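Asks: Would you be able to build a 3D model of this:
(4 chains)
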2 protein chains.
Amino acid sequence: MITSFTEENYLKSIYHLSPDEGTAVNTNAIAESLNTKAASVTDMLKKLADKEFINYIKYQGVTLTPLGRERALNIIRKHRLWEVFLVEKLNFKWDEVHDLAEELEHIHSDLLINRLDEFLEFPKTDPHGDPIPDKNGKFNVPELIPISKLKNETLGIISGVREHSPLFLKYLEKTGLVLGQEITIKEQIEFDGSFIISIKENDIMISREVAKNLLIAI
Amino acid sequence: MITSFTEENYLKSIYHLSPDEGTAVNTNAIAESLNTKAASVTDMLKKLADKEFINYIKYQGVTLTPLGRERALNIIRKHRLWEVFLVEKLNFKWDEVHDLAEELEHIHSDLLINRLDEFLEFPKTDPHGDPIPDKNGKFNVPELIPISKLKNETLGIISGVREHSPLFLKYLEKTGLVLGQEITIKEQIEFDGSFIISIKENDIMISREVAKNLLIAI
DNA sequence: AATAATTTTTAGATTAATCTAAAAATATAA
DNA sequence: TTATATTTTTAGATTAATCTAAAAATTATT
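Replies: Presented below is the predicted three-dimensional model:
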């Protein structure tokens, strides 16, 4: 079954908005995430339901069918592998690759993406630490915890982000908060929820907002 | 000025159908090359003329404006660089890359394509011997001559093809008629216009049809 | 449980790209 | 040079994706 770029973006959006597999996703949430209107979403949901990519009951939101989930993961796989390519081979920064990957993810060829995977030596994560599904859609969800939930004196390695905006990523880069960096949580300031963490022998302060969006492997 | 995939395919088609810059291209020729109908072409020509990519006079065919030519060459540049990438880095065969490059050529980013160009070490030709325009749209047209126009005892190097169908390319590959291969024209058979050529100490026969589509640098 | 607020869907348009069929213009041939 | 053939354009529909405005359904609140 052929899918248009638009359909693929809807499937991806529904996937990303599902906290777990069974929970239904709202029309409005999809509309917001795709910068479109609820009426447009309803139209597309009917179409995706016809094609058996989603389970759709009027007014009740949607869930992905196994077929829809497979397709969504295939697109996410492509997105993340292209991101690795852009960063590893073409020297893009991690804050520059998202929009390009949004285009590249829609290139329709499993052979191409599997060759790319091989060329990149089967990376397990993308430049933001997000896991890359293998050709069968399987991937490990690493157990990452936001700094905001960690206790003082915890030692860990920066391994992912919850927020992918270029502004946030550039800030992290500038501050040395890059993937793989070891840090220690020193203390939380009660007043505003900000944190003092130590990184490379220095103590630095990060806001609660940053702490919530920086993921650590312990 | 943003261009849709469709508009880009029209520009590319018009470029490829212009034997030289001044000569107008017919509506029907475009329709045939894009597998569409003349009525659809007329509609699109009006649009491209509005956007100042082409000079269009009703019933008189079209030529590219400098802007249209620039855009066409930019797409061709992308197409050919992606083909090099697919062959050199992802181990595709020269008969497998066309359709993929048709998709990849529409990725909108000059930065990406310039980085790719650099990564590939600024190739001058694609896997079929076609020249790759540089970032300013400049390229050398190599002087290539079809075997069918060469005299006996001419020695030359296979450097391009006039026909890009996978069937033809696979045949060439199987027969050892690959880019860079040195050959000598031995004789032409008057009866059917076929040729006997020598390649790696062996004499082989190729049809007139093949001889017309195999380009040689002398 | 009735009312208010919110969410979602329907109805009816719009735009880009396409089509078929018919009309108009151009090119070719008697 | 008139008639015929071919090419191109116009007219009017169609499809995918979108929109606004209004109606319907669901959820929240008194």
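Asks: which bits of chain A sit near DNA strand C?
Replies: Neighbours of DNA strand C within chain A, by CB under 7 Å from any atom of the strand: A:26-29, A:38-39, A:41-43, A:45-46, A:56, A:58-59, A:61. In short, each C-beta sits where N, CA and C put it, glycine included.
Asks: Among these, which ones are in helices?
Replies: Assigned to helices by DSSP state H, the following of these qualify: A:T27, A:N28, A:A29, A:A38, A:A39, A:V41, A:T42, A:D43, A:L45, A:K46.
Asks: Now render those as CSV, adding pLDDT, neighbour count and distance to DNA strand D.
Replies: Shown next, in CSV, are these (pLDDT from 0 to 100; neighbours: other CB atoms under 10 Å in any protein chain shown; distance: CB to the nearest atom of the strand, whole Å):
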residue, pLDDT, neighbour count, distance to DNA strand D
A:T27, 97, 21, 11
A:N28, 97, 12, 12
A:A29, 97, 17, 14
A:A38, 97, 14, 7
A:A39, 97, 9, 3
A:V41, 98, 22, 8
A:T42, 97, 14, 8
A:D43, 97, 11, 4
A:L45, 98, 21, 10
A:K46, 97, 13, 9
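Asks: Out of these, flag the one nearest to chain B.
Replies: Set against chain B, the nearest of these by CB to the nearest CB is A:D43 (21.3 Å).
Asks: sorry, back to before: and the ones in helices among the residues of chain A next to DNA strand C, which two are furthest apart?
Replies: Between all members of these, the longest pairwise span (CB to CB) is found for A:A29 and A:K46 and amounts to 17.3 Å.
Asks: near DNA strand D, anything from the longest helix along chain A?
Replies: Across chain A, the helix with the greatest residue count (assigned by DSSP H) is helix A:66-88. No. Using CB under 7 Å from any atom of the strand as the criterion, no contacts between helix A:66-88 and DNA strand D are found, and the smallest distance is 13.9 Å.
Asks: after that helix, next one along is what?
Replies: Stepping forward along the backbone from helix A:66-88, the first helix or strand reached (DSSP states H and E) is helix A:98-104.
Asks: chain center to that next one, what's the gap?
Replies: Using CA atoms, centre = their mean, to the nearest Å, we find the averaged C-alpha position of helix A:98-104 to lie 13 Å away from the chain's own average C-alpha position.
Asks: okay, the angle between the very next helix or strand once past that helix and helix B:66-88?
Replies: Scanning forward in sequence from helix A:98-104, with DSSP H and E defining helices and strands, the next element found is helix A:110-119. Angle of helix A:110-119 versus helix B:66-88, following axes from the mean of the first three to the mean of the last three CA atoms, to 10 degrees, is 60 degrees.
Asks: which outside residues touch helix A:110-119?
Replies: Applying CB atoms under 8 Å, 6 or more residues apart in numbering or on different chains, the set of residues contacting helix A:110-119 from outside is A:74, A:77-78, A:81-82, A:85, A:107, A:123, A:134-135, B:86, B:89-92, B:100.
Asks: list the buried ones in it?
Replies: When neighbours are counted by 16 or more other CB atoms under 10 Å in any protein chain shown, the buried residues of helix A:110-119 are found to be A:L112, A:I113, A:R115, A:L116, A:D117, A:F119.
Asks: Need these in TSV (columns: pLDDT and distance to DNA strand D).
Replies: Written out in TSV, the entries for the buried residues of helix A:110-119 read as follows (pLDDT from 0 to 100; distance: CB to the nearest atom of the strand, whole Å):
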residue	pLDDT	distance to DNA strand D
A:L112	98	22
A:I113	98	21
A:R115	98	27
A:L116	98	25
A:D117	98	27
A:F119	98	31
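Asks: Around chain B, pick out the residues from chain A.
Replies: Taking CB under 8 Å from any CB of the partner chain as the test, the list of chain A residues beside chain B reads A:86, A:89-92, A:100, A:103-104, A:107-109, A:112, A:115-116, A:119.
Asks: For PyMOL, what selects the buried ones among those?
Replies: Selection of the buried residues among the residues of chain A next to chain B in PyMOL, burial being defined by 16+ other CB under 10 Å:
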select buried, chain A and resi 86+89+90+92+100+103+104+107+112+115+116+119
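Asks: Go through the residues of chain A next to chain B and say which is closest to DNA strand D.
Replies: Within these, the smallest distance to DNA strand D is 13.6 Å, found for A:H108 (CB to the nearest atom of the strand).
Asks: isn't the closest one right next to B:L100, touching?
Replies: No. Here A:H108 does not reach B:L100: they are 9.1 Å apart, not a contact under CB atoms under 8 Å.
Asks: May I have the phi/psi pair for the residue nearest the centre of chain A?
Replies: Among the residues of chain A, A:D130 comes closest to the average C-alpha position under CA atoms, centre = their mean, at 5.7 Å. Dihedral pair for A:D130: phi -80, psi 140, per degrees, to the nearest 10.
Asks: What pLDDT is listed against it?
Replies: Per-residue confidence for A:D130 comes out at a pLDDT of 98.
Asks: Can you tell me, leaving aside adjacent residues, what's nearest to it?
Replies: Nearest residue to A:D130, sequence neighbours excluded (CB to CB, 6 or more residues apart in numbering or on different chains): A:R80, at 6.0 Å.
Asks: My guess is that neighbour contacts A:E102. True?
Replies: No. Contact status for A:R80 versus A:E102: not in contact, 11.7 Å apart, counting by CB under 8 Å.
Asks: Settle it for me: which of the two has more neighbours?
Replies: Legend: neighbour count by other CB atoms under 10 Å in any protein chain shown for A:R80 and A:E102, higher for A:R80 (23 against 14).
Asks: List the residues that contact that one.
Replies: Residues near A:R80 by CB under 8 Å, 6+ apart: A:A101, A:T125, A:D126, A:D130, A:P131, A:I132, A:P133.
Asks: Just the pLDDT at it, thanks.
Replies: We have a pLDDT of 98 for A:R80.
Asks: Looking at strand pairing, list the partners for A:Q188.
Replies: A:F195 (DSSP bridges).
Asks: Check which helices and strands the helix or strand where A:K174 lies sits against.
Replies: For A:K174, the host element (DSSP H and E) is helix A:166-175. The criterion is 3 or more CB pairs under 8 Å, 6 or more residues apart in numbering or on different chains; DSSP states H and E, and the helices and strands that helix A:166-175 contacts are strand A:155-161, helix A:208-213.
Asks: so what secondary structure elements neighbour the first one?
Replies: Put plainly, it is strand A:155-161. helix A:166-175, strand A:182-188, strand A:214-217.
Asks: Now do the domain split for chain A, please.
Replies: Each domain of chain A is listed here as a residue range: A:5-64, A:72-141, A:145-217, per automatic domain parsing.
Asks: Ok, which of these comes nearest B:G176?
Replies: Go through the domains of chain A one by one with CB to CB and the one that ends up closest to B:G176 is domain A:72-141, at 25.3 Å.
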